[in-house]
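1. show me the folded form of this:
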Amino acid sequence: MDLLAILKDYFNRIKRRLILNGYYTCQIKDGKSLGAAFIDWFFYKFNYSFVFFILLYLTLLKILV
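-> Purely as a prediction, here's the structure:
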């Protein structure tokens, strides 16, 4: 397969997931839209990553000193 066909297939799978996620998100998350669910997901991931990197930094600082 050429690159264009692979990319088209990939984006179609993403679009299908977004449509399904939008439906199930409205059903499960008390009617939140897909955008609101994405923002929640983004902030959760950002906060967890931020805390993880702070802990990693402090641990490495203690080990190296």
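2. can you give me the helices in the chain?
-> Assigned helices in the chain, in chain order: 3-28, 34-64 (criterion: DSSP state H).
3. can I get these in JSON lines with mean neighbour count and mean pLDDT?
-> In short, each C-beta sits where N, CA and C put it, glycine included. What follows is those, written out as JSON lines (neighbours: other CB atoms under 10 Å; pLDDT from 0 to 100):
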{"stretch": "helix 3-28", "mean neighbour count": "11", "mean pLDDT": "79"}
{"stretch": "helix 34-64", "mean neighbour count": "11", "mean pLDDT": "91"}
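4. distance check, W41 against A5.
-> Computed as CB to CB, to the nearest Å, the W41 to A5 distance reads 30 Å.
5. check L55 too.
-> Distance of L55 to A5, computed by CB to CB: 43 Å.
6. same deal with T59?
-> Separation of T59 from A5 (CB to CB): 46 Å.
7. then I63?
-> Taking CB to CB, one finds I63 at 48 Å from A5.
8. same question, A37
-> Distance of A37 to A5, given as CB to CB: 30 Å.
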